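J.: Here is a sequence with its predicted model. Questions after.
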Number of protein chains: 2
Amino acid sequence: MNPEDLLELMSRRRTLRNFTDKEVASESIDRIVQASTLSPSGADKLPFITIKILDPDARAKIRKASEKADREFHENCDPKLKKWFDAKGIDHRKEFLTKAPLLLVIAGDTTKPYWRESTWLSIAYMLMAIESEDLGTVTYTPSDTSFLNQLLDMPQNFKAEVILPVGHPAETLPDKKARVTGKVFDEKYAGE
Amino acid sequence: MNPEDLLELMSRRRTLRNFTDKEVASESIDRIVQASTLSPSGADKLPFITIKILDPDARAKIRKASEKADREFHENCDPKLKKWFDAKGIDHRKEFLTKAPLLLVIAGDTTKPYWRESTWLSIAYMLMAIESEDLGTVTYTPSDTSFLNQLLDMPQNFKAEVILPVGHPAETLPDKKARVTGKVFDEKYAGE
């Protein structure tokens, strides 16, 4: 693959919160979950699982529990973060959890070495695979995730790190621009 | 980009520990660090920095300090992990840190929200960019990283999460295979 094509894919991927209700093709879902298992992981153990949720009732339950957890979080969060949320129009309401036709819950196995690092490498692989299908998602983590263990029959050693709602974009966002200034340094750190 | 091309790139990427000493083209380095800033991050803050290290003396110092930290780690690590290390021929020696002509140190800003998650998404982006350049790397984290704050003038709020040695492959490894069985579930967890 041409490196420029990969950079273009990365630039095109934007966090998406508005979805149409068009369903996601099963071949796309298959490729996205395959991608999740191709990332490197601690001792190559893939210390995470992915649960695909298409059932509307299950998605409604997840939305309800997420909003309950996030209501309190938004009321008490750090003022700087609150300001950013306000500017983006983000609050405790998570319509995307029922609007997107597919939810992917990715949970790490907290008993395995490097589980969190490995889980987030896998999530990045999925983000890119989702973009390559011309689908969109938002990297959403409810402020409390323990309800997912109960709803999805996950043993306590699993910690849900993210819910990715996946669907067709209902909006078009401008490409991302690389921002290396203040983020990338030669030989030593030199201040942001 | 064709989704199959992306999956092929992901399958081709293997953890590489053997490098030639051929230098890495500066255009490749530029694209890899650009990729690091295109990943999504908490409040879009990019709560991480990347330091490019080409200087041989600096790489030798990093190798020496890493081996010192890892010698103790390998003597005391979990028996299961030790068995995996032994099978792979991995010990405290990190020749790749001086053999590869480029080290990328990626450090998270621990004062920012979701810093660790965001940092690992960025690392995955770099891994893929490195592969797209037909280069290789290993996702290496010394068991103690505080020496990097000192060597690289990084303030204490930065935590080095990984050192990526980047270079041309001195070996060819078979493609990775997707492993969805026991890792991906429909609607609910159903045992690995």
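T.: Arrived safely, thanks for sending.

J.: lowest-pLDDT helix or strand in chain A?
T.: When the helices and strands of chain A are scored by mean pLDDT, DSSP states H and E, helix A:79-88 comes last with a mean of 87.

J.: and residue A:163, which of the three is it?
T.: strand (DSSP: H, G, I helix; E, B strand; the rest coil).

J.: OK, contacts around it?
T.: A:62, A:66, A:97, A:103-105, A:140-142, A:148 (CB atoms under 8 Å, 6 or more residues apart in numbering or on different chains). No exception for glycine: its C-beta is placed from N, CA and C like everyone else's.

J.: Please apply the same query to residue A:122.
T.: A:36-37, A:39, A:41, A:46, A:48, A:50, A:106.

J.: could you pick out which of those residues are near chain B?
T.: Of the residues in the contacts of residue A:122, proximity to chain B by CB under 8 Å from any CB of the partner chain holds for A:36-37, A:39, A:46, A:48, A:50.

J.: Can you say which two of these are spatially most distant?
T.: Maximum pairwise distance in those, criterion CB to CB, is 11.7 Å, between A:39 and A:50.

J.: Between those two, point out the one with more neighbours.
T.: residue A:39 (25 against 22; other CB atoms under 10 Å in any protein chain shown).

J.: That one reaches residue A:124, doesn't it?
T.: Yes - using CB atoms under 8 Å, residue A:39 is in contact with residue A:124, at 7.3 Å.

J.: rewinding a little: which single one of the contacts of residue A:163 is nearest to chain B?
T.: The shortest gap between chain B and any of those belongs to residue A:141, at 7.8 Å (CB to the nearest CB).

J.: Not counting its neighbours along the chain, what's nearest the closest one?
T.: Leaving aside its sequence neighbours, residue A:141 sits nearest to residue A:162 (CB to CB, 6 or more residues apart in numbering or on different chains; 5.2 Å).

J.: So in terms of bridging, what pairs with the one you found?
T.: residue A:106 (DSSP bridges).

J.: Burial check on it, number of neighbours?
T.: By other CB under 10 Å, 23 other residues sit near residue A:162.

J.: Ok, residue A:40 next?
T.: If you count neighbours by other CB under 10 Å, residue A:40 ends up with 22.

J.: who's in contact with it?
T.: Residue A:40 makes contacts with A:118, A:121, B:13, B:15, B:127, B:139, as judged by CB under 8 Å, 6+ apart.

J.: Look up phi and psi at the most centrally placed residue in chain A.
T.: Centroid-nearest residue in chain A, with CA atoms, centre = their mean: residue A:139, separated by 2.7 Å. Reported as degrees, to the nearest 10, the phi and psi values for residue A:139 are phi -80, psi 90.

J.: Poorly predicted segments of chain A, please.
T.: Along chain A, the model assigns pLDDT under 70 to no residue.

J.: Can you show me the helices along it?
T.: Secondary structure of chain A (DSSP state H): helices at A:3-12, A:26-36, A:56-76, A:79-88, A:96-99, A:115-132, A:146-151.

J.: Tell me if I'm right that residue A:166 and residue A:127 touch.
T.: No - counting by CB under 8 Å, residue A:127 is not a contact partner of residue A:166; they are 10.1 Å apart.

J.: what's the overlap in contacts for those two?
T.: By CB under 8 Å, 6+ apart, residue A:166 and residue A:127 have these common neighbours: residue A:137.

J.: returning to that earlier point: pick the one among the ones next to chain B among the contacts of residue A:122 closest to residue A:134.
T.: The closest of these, once distances to residue A:134 are taken by CB to CB, is residue A:36, at 18.4 Å.

J.: and that closest one, what does it touch?
T.: A:48, A:50, A:106, A:122-123, A:125-126, A:129, B:183-184.

J.: got the buried residues for the least confident helix or strand of chain A?
T.: Going by neighbour count (16 or more other CB atoms under 10 Å in any protein chain shown), the buried part of helix A:79-88 is A:81, A:84-85.

J.: can I have it written out in CSV, keeping just the CAs?
T.: The C-alpha coordinates for helix A:79-88 follow below in CSV (Å, rounded to 0.1, in the frame of the first residue of the first chain):
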residue,chain,number,x,y,z
PRO,A,79,-14.3,22.7,34.2
LYS,A,80,-11.9,22.7,31.2
LEU,A,81,-13.3,19.5,29.9
LYS,A,82,-16.8,20.8,30.5
LYS,A,83,-16.0,23.8,28.4
TRP,A,84,-14.8,21.6,25.5
PHE,A,85,-18.0,19.4,25.9
ASP,A,86,-20.1,22.6,25.7
ALA,A,87,-18.3,23.9,22.7
LYS,A,88,-18.9,20.6,20.9
